[in-house]
Each structure stands twice: as structure tokens, then as C-alpha cells.
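In: turn this into a model:
(chains A, B, C and D)
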Protein chains: 4
Amino acid sequence: MEGDKSIGGAPAGLGMSVGRLEAFSDGVLAIVITLLILEIKVPAGHEGTLGSALAGQWPQYAAFLLSFLIVGIIWLNHHATINLLQRTDHTVQVLNLLLLLPVTVLPWPTALLAEYTHEGTPGDQRVAVLVYGLTSSAMAATFNVLWRYILRHPELHKPQVTTELLAVRNRRYNVGLLVYPVATVIGLVSVPLFLVLMLALALLYLLPTPDVRT
Amino acid sequence: MEGDKSIGGAPAGLGMSVGRLEAFSDGVLAIVITLLILEIKVPAGHEGTLGSALAGQWPQYAAFLLSFLIVGIIWLNHHATINLLQRTDHTVQVLNLLLLLPVTVLPWPTALLAEYTHEGTPGDQRVAVLVYGLTSSAMAATFNVLWRYILRHPELHKPQVTTELLAVRNRRYNVGLLVYPVATVIGLVSVPLFLVLMLALALLYLLPTPDVRT
Amino acid sequence: MEGDKSIGGAPAGLGMSVGRLEAFSDGVLAIVITLLILEIKVPAGHEGTLGSALAGQWPQYAAFLLSFLIVGIIWLNHHATINLLQRTDHTVQVLNLLLLLPVTVLPWPTALLAEYTHEGTPGDQRVAVLVYGLTSSAMAATFNVLWRYILRHPELHKPQVTTELLAVRNRRYNVGLLVYPVATVIGLVSVPLFLVLMLALALLYLLPTPDVRT
Amino acid sequence: MEGDKSIGGAPAGLGMSVGRLEAFSDGVLAIVITLLILEIKVPAGHEGTLGSALAGQWPQYAAFLLSFLIVGIIWLNHHATINLLQRTDHTVQVLNLLLLLPVTVLPWPTALLAEYTHEGTPGDQRVAVLVYGLTSSAMAATFNVLWRYILRHPELHKPQVTTELLAVRNRRYNVGLLVYPVATVIGLVSVPLFLVLMLALALLYLLPTPDVRT
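Out: Numbering: from 1, shown residues only, chains lettered A, B, ... in the order given. So this is what the prediction gives:
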């Protein structure tokens, strides 16, 4: 049967199930979104009051919130994409791992951004923005590689997936591909500007609109 | 079909499944409840015996236990709420992420509270209580936002959900909304009092009563 | 219907599902068993070779291995127990949280034991053994509380659960209740003896025998 | 009934389900792959620019990437293997725990390798390679123990598992058993060579070929 062969040569029912792909990815995404808080430290040996010490940590809160939202968005998009599949193949699995790579990396540029927003030289701040921007752009890029592979393999789709739905999503993900690199280039001017811009884009994305709800 | 459209425009079977919403949220809750212990340090370079050094760390144990119970309670309520749904929509997903935000933040005010119970000035202690109180109040508030959205969207419910069940739960969650802010205001007087009060309320909540078992 | 009422007053299908209880508990157990390695440090600024520095860390490896095995055993027993259920109630959920409390605590006495095996005074070593012993005994005790509640509530069981199976398991878990306290008392003599004894007991437990395989 | 007895003496439906074995293992693998980033530190108090400080950390990135890929490969192989089963027994569960032991250990040799690639003496570097090589070899070895047990117990297999499929996989896993020890011996010459060789092997493995896709 051709249906069997398309699952990487394994007989039907022995390929990677969609459920386990989701469970593993959900695990990674849930852990990353929860580990982010470990980068926010309790002030120790601070001068002045605890209140002012906490207020001085605002770049840490902004970087945390931004990464929380980015991981949340990737989770929503990931589910919406994997949910189109009725089965997977070896390439989907490897491309999914490729997407999880920048996702697991994210806590590190988050800490970098938080650390250098205040104290770094302008040059160091640009490096921090660049590393964060590259990581988030890599998330968008690897997500799109996975998306395009799925787009081109209708034999993996559930029967109710329509070309209209695929076209709407494709436009939306193509836009998403541009957002992070553009924000990064703008952000090279200043870290606070980068944080505000990225936060605004993430919040905008989460607001429901007729288009983005599909 | 109207049923299809209500899943954010996606054809039936392609919206976010309730199962994956639960799996991701369970992952986040399980990780937060397990990360809390990382804030309790092994005494190093202590004077006197290890026994007395460990005894001196009691605020860390109290803060750990309190946060463990609060996350446990949120998990019970979250499951009881999501379990009413037979499907979700974009808003449920975004409101669920909104609830997970203060949940993932909790290890940080927990460490803050543990650190400043003993050693801080009275002013610093009030700040620590305030940050902890605001985080736990934000958990209750975002939970109630999610709850009220679900309450007002019966088209998402399983058929066996009754208005009586919803009314009982609604009264209970409304009370829950008041508990953390009130305890926080009382707790501004002293951190130990705050810990005792919050622990008592959490334990009271977990005890089964005819009302709270629904 | 009586069947409905037994799920804490909620209509059928709206109580806590066994699946979500397992998923949350599996999450906590998987995280604890994986966090243990974070307590083993990379030697920095050591005298002599890296090889000898690593060899000197043996108490850390022994404590890690012991806690890994204890969490693994709890996971096996937890699954075997929850798998008897076809539904849960509020008490099962709260008792399950009670069991997860010492489970999440375990990384801390593990670090304590590793730290004080070598360097502590004899008194400090006894305290470290005692804290570890109390935590593992609390795991066995809370597991038995959960077990006994389930034992006494046959209305929660799957139909194929037999009284013979329950009797075999009950004997085995009663023995398990004694193991940790007895090992702790013996271990007050010396930490290495405690580690060897506990490791031997854990390995013995994992070996398949006709009795323990049920 | 014979079917019942084969599940470790427990009546049908009460043995460890394949699903929970997968869920727990997925949890551990997802956590390990996500914890790896915690070993990469944000440069603090560095001389020169942040850019050059980050560039100097390349061994940390290489070690992270290698461990990410190794855990990803183990996850793919683990799923492909467990997915052959329609039920498990006590031995599968214990052998699965045995496999998870070196998996949870991996973040530690990863940190060791990253730390000593640059700064260690040649002798210390060899020790770091050796510990990493032993851990990854232990992962391959324990995986093969689990695999061979499953290979020899066809009564646990799904009906569609064919001897041809088992033979193809067996050849492949036998090769995998040799890869890590051989790379370790070669790597004793130099840590960078070890990193390059291991990375190349991991990437080669992930590329789809007719043979490895089954």
C-alpha cells in the first residue's frame, strides 16, 4: 500500500505518531516558558530599599515578558500546524527538532538582553539585541521550514484541511518571518526601543482578529 | 455549519484541542511546582551545627510550602474548569496563557519572601509581601478572567454541564478572588503573619467539604 | 444516579480524569528525576588533576543515583496504583498532591547528603542522613495514605481489580513503609553505610521477582 | 488466560500502559534537552567587547549543540522502539529507567566538556572527553539492552511488526553501539576533534536515507 510506504518505510501504525510529536514539543515549550523566571534574581546586598532595587531590574521583567510571549505564540502556531497532520514522517520529526533548537536556546539571549540593557556599553547592547534577534528570527525561520514542508505534503494532512485554510495561514506565517529581523535591525539603535517594539508586536499578534483566529 | 465556525474559523477538528491545552498547562504547572525547591539552598560555611543552620532557614520552608499549595490549588481549579469544555477557541488559549504568566513568575516572589522574612528591614519585608501578594492575586484574577469567559460561552461546554454546577463554582471562585488581596493587606503588618494566614487558607481550601468538592 | 454523585458531586464526565492526574504526576516525577543532576557541579579551581577532583566527588554520584532510583520506584508504584482506578475524587487528588510534596522536596536532601558526606562533622552528617531519611520516609508514608484510601474505595476501581491483587500489593507496600525509617536509623552511624544500604535496597526492589511483578 | 499472565501477573488492563511509559520518558527527554542551555552562562566582568567574550565561549555552544542532537536522536529511536509495543512488562519498565539514567546525567558531562575544552591541561581535557564519551556510550548501551529485550519478546509486539523491520532496525542499532566508543577513543587526541567528529556523526544520522527512515 502506498499509504504505508509514505511513513518512512515502516508499516502502518508504526511511524511516529502525531500525538507523541506534540507531547514532546509541548514538554519542551512548557519547560522553556517556565525556566525563564530562573534568570530573574532576588536582589542581594543592594543599596537603598528593596523597592528601588526591584524597580531597577525592569529590563529583566521586560525581557522575561517578551520571551514568555514569544514562546506562547510559537506554541499556538505549532499546535495549529501539527494539528493539520494525521501522520508524520522522518523529515517532519527532524524539522520539528530543528525548530526546538532555537526554542531551547531562548533563555540564554533573554538573560543576555536583561543583563546588558542597563549596564553594557552601546556596542555591547547592540550585540545583546543581535543575539536575541537572531535567536527569535531562527525560531520564525525554522518554523517556516517545517510549515513549508507540511504545506507541500498533502498526503500527511487530515482530510478536512482545505487549500483556503492553508493559503490564509501561509500568508500569515510569511509575514511572521519578516517581523523579527526587521525589529532586530530597528532595535540596534537602542535596547529599550527593541523591547517595546517586540512586546507591542507580540501583544498585537495575540489579540484576536478574524484573520489570525484561523 | 455553525459548529465549525465557532472554532475560530477553522474547520471542525482543526481547532486547538482541549487535550493539548491541558497537556501544555499541566506541563507548566508541574514544572513550576517542582522548580520551587531549587530556591532552598544547602547551608554552606555556617556557624554552629548543621541542625541549627537548617532550623534558621524556616522562612524558606514556609514560602516553599505555601507556593506548593497555591500551585496545587490552581492545578485543581484549572482542571475542573478546562474539563467543562468540549472545545476551545483563540480567546480561551490566550486567556490560558495569561493565567500561566503569573504562575511561571511565582518562584521569584517565593524566593523574595524567603530571603526577606528574616533579614530585611520592615520596609523591605513589606515590599516582599506585596510582590508575593500581587503575584498570587494576579493568579486568582487571571483565573477568574478565564473562568468568566468560559461561563459566558456555553457553546464551548460539554453537554452535561448544568447551570447549577456553574453557579456553585462561580460563587466559590468569586470568594477566591478576594482571599489573596485581603491576606496581602493583613500581611503588610508582618511576613510571618502573612505566611501563617496564607498557609491556613490554602489548607482550609484543600479540605473536602460538600461545597468545594464540586 | 449514585455513580454520578461519587465524583464529588459533579455530573459524570466532569470529575478529575485519571488521565490528567497521571499526566500531572508524571510531569512532576520526570522533572524531579531530571533536576537531580543540577546538584552535581563541575569542579572549578581544583588542585591536582581533574580525574582526582572528579573521583573526590563520589558522594555526589552516590546520592544522585540513590535519589534517581527512589523516584523511579515511586513512579512505578504510582502508576501501578493509579492504573487500578477508573475515576478519581477530590480526596484522591489532594492525597496525590500530598505525595508529590516530599517528591518535589527530594533534590534538596540529596544535595545536603552529597555535601556533608565528606566534609561535615559527625553531628552534621547525622543531620544530613536524618533529613534525607525523613524525606524518603515521608514519600513512603504519603504513598501509603493514598494507597489505603484507594484500597478502601472499591467504587473507584476498574472492574477487573481483584481482592487477591489488592492483598498482594498491600503486603508489599506495608513492607515498603518500614524500609526507609529502618535504613535511616542504621544510617545514623555513617553516611557511606546509609548510601550503600539504601542503594542495595533500591536495586533489590527493581529486580523482578514473581511477587513484586504484580 | 495466558495473555493476562504475560503482564507481570497483573490482570489484563492493569499492567503499565505503553502510553504512560512514553509520557514519562518524553517528559525526561524534553526536560534534559531544555536544561542544557542553563550551562551556557552570560559573560560577566569580561575584558574587551561582549562580542569577543561570546565568541570565546564557542566550546559551550558546540557542547550544547552536540548534546541537543544526541538527546534528539535518542528520542527518535526511543519512540520508534516503544511504538512497536502493544504492552509492556516489569522488565521493559526497569530497562527503560536504566536508559533514562545516562540521559539525565548528560547535562553534567556537557558542562564538563565545555569547561575544559579551552582551559584545561591536556590531561584534564582527556578526562572530560572520557566522561562525555562514557555517558553517551552508556546511553547507546542501555538503549541496546532495552532494544534486545524487546527484540526477544514478540509477545509484547503490535501485530503488524515484521521480522524484516526488526532486522533492519537491529543492524542499525548495532552500528550505533560502536559509534560513541570509537569517537571517544579518537577524541582522546583533542577535544575540538571530538566535538567535530561527534557533531558530524549526529548530523549524518538525522539526514534521511532509505535505510535509516524505517
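In: ok, the residue positioned nearest the centre of chain A - contacts?
Out: By C-alpha atoms, centre = their mean, chain A has its centre lying nearest to A:Ile74, at 4.0 Å. A:Ile74 is in contact with A:Leu29, A:Leu99, A:Val103, A:Met139, A:Phe143, counting by C-beta atoms under 8 Å, 6 or more residues apart in numbering or on different chains. (Glycine included, C-beta is placed from N, CA and C.)
In: let's see 10 Å
Out: Residues near A:Ile74 by C-beta atoms under 10 Å, 6 or more residues apart in numbering or on different chains: A:25, A:29, A:32-33, A:99-100, A:102-103, A:106, A:136, A:139-140, A:142-143, A:176.
In: residue ranges with poor pLDDT in chain A?
Out: For chain A, the stretches flagged by pLDDT under 70 are A:1-13, A:15-16, A:208-214.
In: can you rerun that using 90?
Out: Scanning chain A for pLDDT under 90 picks out A:1-20, A:23, A:39, A:41-48, A:90, A:116-121, A:172, A:174-178, A:189-193, A:204-214.
In: helices of that one, start to end?
Out: A:2-5, A:18-35, A:50-55, A:58-82, A:90-105, A:107-119, A:122-151, A:163-187, A:191-206 (DSSP state H).
In: tell me which of those helices lies nearest to B:Ala114.
Out: Closest approach to B:Ala114 among the helices of chain A is made by helix A:50-55 (13.4 Å; C-beta to C-beta).
In: and the helices of chain A, which is most packed in?
Out: Among those, the stretch with the highest mean neighbour count (mean count of other C-beta atoms under 10 Å in any protein chain shown) is helix A:18-35, at a mean of 24.
In: format the helices of chain A as CSV; extra columns: distance to B:Leu201.
Out: Shown next, in CSV, are those (distance: least, C-beta to C-beta, whole Å):
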stretch, distance to B:Leu201
helix A:2-5, 57
helix A:18-35, 25
helix A:50-55, 25
helix A:58-82, 28
helix A:90-105, 37
helix A:107-119, 33
helix A:122-151, 40
helix A:163-187, 44
helix A:191-206, 32
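In: hang on, isn't A:Leu84 packed against A:Leu156?
Out: Yes - assessed by C-beta atoms under 10 Å, A:Leu84 is found in contact with A:Leu156 at 8.2 Å.
In: can you list residues touching both of these two?
Out: Joint contacts of A:Leu84 and A:Leu156 (C-beta under 10 Å, 6+ apart) are A:Val18, A:Ile150.
In: tell me which residue in chain A sits closest to chain B.
Out: Proximity of chain A to chain B (C-beta to the nearest C-beta) peaks at A:Ala30, 3.0 Å away.
In: quick one, what contacts the residue nearest to that residue when sequence neighbours are not counted?
Out: Counting by C-beta to C-beta, 6 or more residues apart in numbering or on different chains, A:Ala30 lies nearest to B:Gly27, which is 3.0 Å off, once chain neighbours are set aside. By C-beta under 10 Å, 6+ apart, the contact set of B:Gly27 is A:23, A:26-31, A:33-34, B:100, C:23-24, C:27, C:30-31, D:27, D:30-31.
In: surely the residue of chain A closest to chain B meets A:Phe68?
Out: No - with contact defined as C-beta under 10 Å, A:Ala30 does not reach A:Phe68; the gap is 11.9 Å.
In: quickly list what's touching both of the two.
Out: Contact with both A:Ala30 and A:Phe68 is made by residues B:Leu100, B:Thr104, according to C-beta under 10 Å, 6+ apart.
In: need the residues of chain A near chain C, please.
Out: A:Ala23, A:Gly27, A:Ala30, A:Ile31, A:Thr34 (C-beta under 10 Å from any C-beta of the partner chain).
In: closest to chain D out of those?
Out: Ranked by distance to chain D (C-beta to the nearest C-beta), the residues of chain A next to chain C are led by A:Gly27 at 3.0 Å.
In: still on that earlier bit, for the contacts of A:Ile74, which one is nearest A:Thr184?
Out: Checking the contacts of A:Ile74 one by one against A:Thr184 (C-beta to C-beta), the nearest turns out to be A:Ser136, at 7.7 Å.
In: next, find the distance separating the residue lying closest to that closest one once chain neighbours are set aside from C:Phe143.
Out: Of all residues not flanking A:Ser136 in the chain, A:Tyr180 sits nearest, at 4.4 Å (C-beta to C-beta, 6+ apart). As defined by C-beta to C-beta, to the nearest Å, A:Tyr180 lies at a distance of 48 Å from C:Phe143.
In: repeat for A:Ile73
Out: Distance from A:Ile73 to C:Phe143, by C-beta to C-beta: 40 Å.
In: A:Pro192 now?
Out: Distance, A:Pro192 to C:Phe143, using C-beta to C-beta: 51 Å.
In: what does A:Leu85 give?
Out: Taking C-beta to C-beta, one finds A:Leu85 at 39 Å from C:Phe143.
In: same thing with A:Leu134?
Out: Distance from A:Leu134 to C:Phe143, by C-beta to C-beta: 48 Å.
In: ok, now A:Thr142?
Out: Note on A:Thr142: its distance to C:Phe143, by C-beta to C-beta, is 43 Å.
In: with A:Ser25 instead?
Out: Separation of A:Ser25 from C:Phe143 (C-beta to C-beta) stands at 32 Å.
In: list the residues that contact the residue lying closest to A:Val42 once chain neighbours are set aside.
Out: Once flanking residues are discounted, A:Val42 sits nearest to B:Ala111: 4.7 Å by C-beta to C-beta, 6+ apart. Residues near B:Ala111 by C-beta under 10 Å, 6+ apart: A:37-38, A:40-42, B:36, B:38-41, B:60, B:63-64, B:67, B:128, B:132.
In: now swap in A:Glu119 and tell me
Out: A:Glu119 touches A:Pro59, A:Gln125, D:Ala44, counting by C-beta under 10 Å, 6+ apart.
In: how many neighbours does the last one have?
Out: Just to be clear, that refers to D:Ala44. 8 (other C-beta atoms under 10 Å in any protein chain shown).
In: I'd say it and A:Asp124 touch.
Out: No - the criterion here is C-beta under 10 Å, and D:Ala44 misses it with A:Asp124 at 11.7 Å.
In: any shared contact partners between those two?
Out: Residues touching both D:Ala44 and A:Asp124 (C-beta under 10 Å, 6+ apart): A:Glu115, D:Ala53.
In: any idea how far A:Asn77 lies from B:Ala55?
Out: Following C-beta to C-beta, the distance that separates A:Asn77 from B:Ala55 is 50 Å.
In: please read the previous query as pertaining to A:Val175.
Out: Per C-beta to C-beta, A:Val175 is found 58 Å from B:Ala55.
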